[in-house]
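> Turn this into a structure:
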Amino acid sequence: MRRISYLCKRGSVYYARMDVPEDLVPILKRKTKKLSLKTKDEKEAKRRLLPVIAEWQREFEDLRARSTLVSADREHAVWDLYTAVLERDETERATRPGQADIDAATAELLSRADRGEIKGFDPLAILDVTLELQVAQKAGELSSNFRKAKLADLRKHLAKGETALVAHEVDEFLRQNRLFVDRSTPEWISLARHTMRAEIEALERTLERDAGNYGGEPRDPLVRPPTVPRRAEPVTASPGESLLEALEAFRNENPRSVSKSRMDESCRDIGIFMDIVGPKFPVSKITKKHVRDWKMLLMKYPVRATEVVAFRGLNMRQTVEMNNDLKRPVLSDRTVNRYLSSLSAFCAWAEVNGYIASNPCSGMALPKERRAKTLPFTSEQLNRLFKSPLFAGAQSDSQWRYISRPGNVLIRDHRFWVPLIMLFSGARPGEIGQLAVSDVRREHGHWIMHITTEGDAHAEGKSVKTAGSMRVIPIHPELERLGFLKYHAARLNTSDTQLFPGARRNERGQMMADFSREFGKYLTRIGLKEGRGLSLYSFRHGAADALRRAGYLDSQFGFILGHTEGSMTGRYGIMPQGMLEQRVELVNAIDYPGLVLDHLVA
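All right, here's what the predicted structure looks like:
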């Protein structure tokens, strides 16, 4: 959802509040929409706010659409009236008195006369007792005369541009179909004229029926069966069956036990889908067409759209339409597939829990991109990199464009240590960036780094990709030589529990994501990278290659990289000395022939 503040507070409770667009105030008959979010927690309020705003925006969009008539509305209005007049005519004919009814009424009248119930020769008295019989005898003629008179009046009004004779029918059609068009508008007048032509045609058919001709067809080309479906009505789920409610249940259950950051990301992804179908849409009604349409929009959706001022306040479809002119870069196939994967995981859960018969996302992923895989750095590239300004001295430590320029400012925070730790451990950047000071400690005579969600907490929080990502990694001797333990000792003397206080999560909760993106740009600035292939993750791939060079199989060192099942050892960091000795031997085998880092020694 776009970055406009719709959150307000009344007392201690948060509310969603949104101004009704001026053009819709006459329809909704209020200037503001407000709804309690039923929470006092700001973070939870912001999460609950998004689907509420999405639903209101969908409502506004629907009302605007229903304030303008489309061809389907006109076609159905014409055909509805034409068929309704003929159906009423047929019903009226079916209820007219037949000859047997007239004969019975005549006999009853004569019987009353014989019994002396009809006396005198007063014309009014005679009319009174014979009126019912006369109406029955002339019902067909009276009906035909009425229809002829109305047909004549309709033709006169059509010629003069008057609409009084069909105004009620037009307004009733608009009411039943939730269309908001005022009588004074050209659209309403045009629809009224269409309606008159339909009724004229229907009355002509009724007169043909008077002569026994039931085969007549409309001669006016405007009066014909609709060629397009009727405007669809918004679909609303039964209590507990809406997409919003099911998504909340999915979040709470977390069936795959993924990290909070991954679950938050998945729910945000599904929220983009919710922007299309609506929060109240029944999960059971989600089809492959819905997913296919969403996928087509994702393929045209601009990168980081929520940060672009021009897209502010627009929904997904409107953003895509505007980007047709702005031509901003769009999501990669890989990112599109991530969105689809998030929705697929939800739908798979929904299928298991009986919300939906089958997973509509099955088989919907785009083919994998033919893109260069992440490559490890060569020793030559590593030497160039570690002699570059980020590690050897930059013009400034404040902005990346200055960091890429040589100078006298030594950078020795997370930007210096995370790449080196990745190089000599194979750990992920986010795992390193979130370390607490206490996660680096001495066990059985060896310094270790404990990647876990347990232990001391800090402002940025801790999370891991999977349960198997929690693990103990010995500190490589080269990191000790470069001064990492001195850095750690200095951090012990502060009140901050985070080892790298400059490491931050982005708005999606991803640790070090911004640094990872900027590091890729840095490689390009210093001339080390052209196109794809090298990135921050090249250090992790390099560590794996180093272990292979040392003679280890992937199955023998996968647990060092976090590729294994979860365990209590990984969670709490306590292991027998023998097991730790084996890990020390493994990590110490990481070596890069030709790499020289003497100039970085503290």
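> Quick one: low-confidence residue ranges for the stretch 101-250 of the chain.
Low-confidence regions of the stretch 101-250 of the chain, defined here as pLDDT under 70, cover residues 101-103, 105-110, 112-137, 237.
> mind checking pLDDT for residue 370?
At residue 370, the predicted lDDT confidence score is 50.
> cool, and residue 517?
As predicted, residue 517 sits at a pLDDT of 89.
> got it, and the one 3 residues further on?
At residue 520, the pLDDT value in this model is 91.
> hang on, isn't it packed against residue 537?
No - with contact defined as C-beta atoms under 8 Å, residue 520 does not reach residue 537; the gap is 9.6 Å. Glycine gets a C-beta too; all of them are placed from N, C-alpha and C.
> can you pull out the helices in the stretch 401-550 of the chain?
If DSSP state H, counting those that start in this stretch is used as the criterion, the helices of the stretch 401-550 of the chain fall at 414-423, 429-433, 477-482, 484-492, 513-525, 538-549.
> which element follows the helix or strand of the chain with the lowest mean pLDDT toward the C-terminus?
Among the helices and strands of the chain, helix 568-572 carries the lowest confidence by mean pLDDT, DSSP states H and E, at a mean of 43. Using DSSP states H and E, the helix or strand that directly follows helix 568-572 along the chain is helix 577-588.
> Just give me the neighbour total for residue 309.
Counted with other C-beta atoms under 10 Å, the neighbours of residue 309 add up to 7.
> And it, how far from residue 322?
Distance from residue 309 to residue 322, counting by C-beta to C-beta, to the nearest Å: 11 Å.
> for residue 382, same thing?
Going from residue 382 to residue 322 by C-beta to C-beta gives 44 Å.
> more crowded one of those two?
residue 382 (22 against 16).
> for the residue lying closest to the more buried one once chain neighbours are set aside, helix, strand, or coil?
Nearest non-adjacent residue to residue 382, counting by C-beta to C-beta, 6 or more residues apart in numbering: residue 595, 5.3 Å away. The assignment at residue 595 comes out as coil when based on DSSP: H, G, I helix; E, B strand; the rest coil.
> Might you report the residue contacts of residue 337?
Taking C-beta atoms under 8 Å, 6 or more residues apart in numbering as the definition of contact, the neighbours of residue 337 are 365-366, 368.
> what about 10 Å?
295, 298, 331, 344, 364-369 (C-beta atoms under 10 Å, 6 or more residues apart in numbering).
> again, but for residue 518
Under the criterion of C-beta under 10 Å, 6+ apart, the neighbours of residue 518 are 399-400, 403, 415, 525, 536.
> Tell me the spacing between it and residue 383.
The gap separating residue 518 from residue 383 is 22 Å, by C-beta to C-beta.
> quick one: the closest residue to residue 285 other than its chain neighbours and residue 173, what's the gap?
Leaving aside its chain neighbours, residue 285 sits nearest to residue 235 (5.9 Å; criterion: C-beta to C-beta, 6+ apart). Counting by C-beta to C-beta, the gap from residue 235 to residue 173 is 22 Å.
> who has more neighbours, these two?
Between residue 235 and residue 173, counting by other C-beta under 10 Å, residue 173 is the more crowded of the two (20 against 12).
> how far out from the middle of the chain is the helix or strand where the more buried one lies?
The secondary structure element spanning residue 173 is helix 167-176 (assigned by DSSP H and E). Distance of helix 167-176 from the chain centroid (C-alpha atoms, centre = their mean, to the nearest Å) equals 35 Å.
> And for stretch 177-195?
With C-alpha atoms, centre = their mean as the basis, the distance from the averaged C-alpha position of stretch 177-195 to the chain average is 34 Å.
> next one: stretch 314-324
Using C-alpha atoms, centre = their mean, the mean C-alpha position of stretch 314-324 is found 13 Å from that of the whole chain.
> avg pLDDT for it?
In this model, stretch 314-324 has a mean pLDDT of 88.
> Out of the helices of the stretch 401-550 of the chain, flag the one nearest residue 196.
Minimum separation from residue 196 across those (C-beta to C-beta) falls at helix 513-525, 64.0 Å.
> Just name the most buried of the helices of the stretch 401-550 of the chain.
Comparing the helices of the stretch 401-550 of the chain on average neighbours per residue, with mean count of other C-beta atoms under 10 Å, the densest one is helix 429-433 at a mean of 25.
> Quick check: which helices or strands does it pack against?
Helix 429-433 makes packing contacts with helix 414-423, strand 446-451, strand 471-474, helix 513-525 when contacts are defined by 3 or more C-beta pairs under 10 Å, 6 or more residues apart in numbering; DSSP states H and E.
> Could you write out the alpha-carbon coordinates of the last one in CSV?
What follows is helix 513-525, C-alpha atoms only, in CSV (Å, rounded to 0.1, in the frame of the first residue of the first chain):
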residue,chain,number,x,y,z
ALA,A,513,19.7,-6.0,2.3
ASP,A,514,20.6,-2.4,1.6
PHE,A,515,24.3,-3.0,2.2
SER,A,516,24.1,-6.0,-0.2
ARG,A,517,22.6,-3.8,-2.9
GLU,A,518,25.1,-1.0,-2.4
PHE,A,519,28.0,-3.4,-2.3
GLY,A,520,27.1,-4.7,-5.8
LYS,A,521,27.1,-1.1,-7.0
TYR,A,522,30.5,-0.6,-5.3
LEU,A,523,32.0,-3.5,-7.2
THR,A,524,30.9,-1.8,-10.4
ARG,A,525,32.3,1.6,-9.3
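> Helices along the stretch 201-350 of the chain, start to end?
Secondary structure of the stretch 201-350 of the chain (DSSP H, counting those that start in this stretch): helices at 243-253, 260-277, 288-298, 316-326, 333-352.
> Indicate which one of those is closest to residue 582.
helix 260-277 (30.7 Å).
> now the angle from the closest one to helix 243-253?
Going by axes from the mean of the first three to the mean of the last three C-alpha atoms, to 10 degrees, helix 260-277 is angled at 170 degrees with respect to helix 243-253.
> now helix 260-277, how far from the chain's geometric center?
Offset of helix 260-277 from its chain centre (C-alpha atoms, centre = their mean): 7 Å.
> which parts of it are buried?
261-277 (16 or more other C-beta atoms under 10 Å).
> Also stretch 373-392?
In stretch 373-392, the ones that count as buried by 16+ other C-beta under 10 Å are 374-377, 381-383, 385-391.
> what's the farthest-apart pair in the residues you listed?
Among the buried residues of stretch 373-392, the pair separated by the greatest distance (C-beta to C-beta) is 374 and 389, which sit 23.6 Å apart.
> Which residue ranges make up the domains of this structure?
Under the assignment named as automatic domain parsing, the residue ranges that make up the domains of the chain are 71-210, 235-371, 379-600.
> how close does the nearest residue to residue 505 once chain neighbours are set aside get to residue 197?
The spatially closest residue to residue 505, leaving aside those adjacent along the chain, is residue 511, at 5.1 Å (C-beta to C-beta, 6+ apart). Residue 511 sits at a distance of 68 Å from residue 197 (criterion: C-beta to C-beta).
> what do you get for residue 403?
The span separating residue 403 from residue 197 equals 74 Å under the rule C-beta to C-beta.
> Flag the shaky bits of the stretch 301-450 of the chain, pLDDT-wise.
Residues of the stretch 301-450 of the chain that meet the criterion pLDDT under 70 lie in 369-372.
> Looking at the helices and strands packed on helix 429-433, spot the one closest to residue 250.
Between residue 250 and those, the shortest separation by C-beta to C-beta is 24.0 Å, and it involves helix 513-525.
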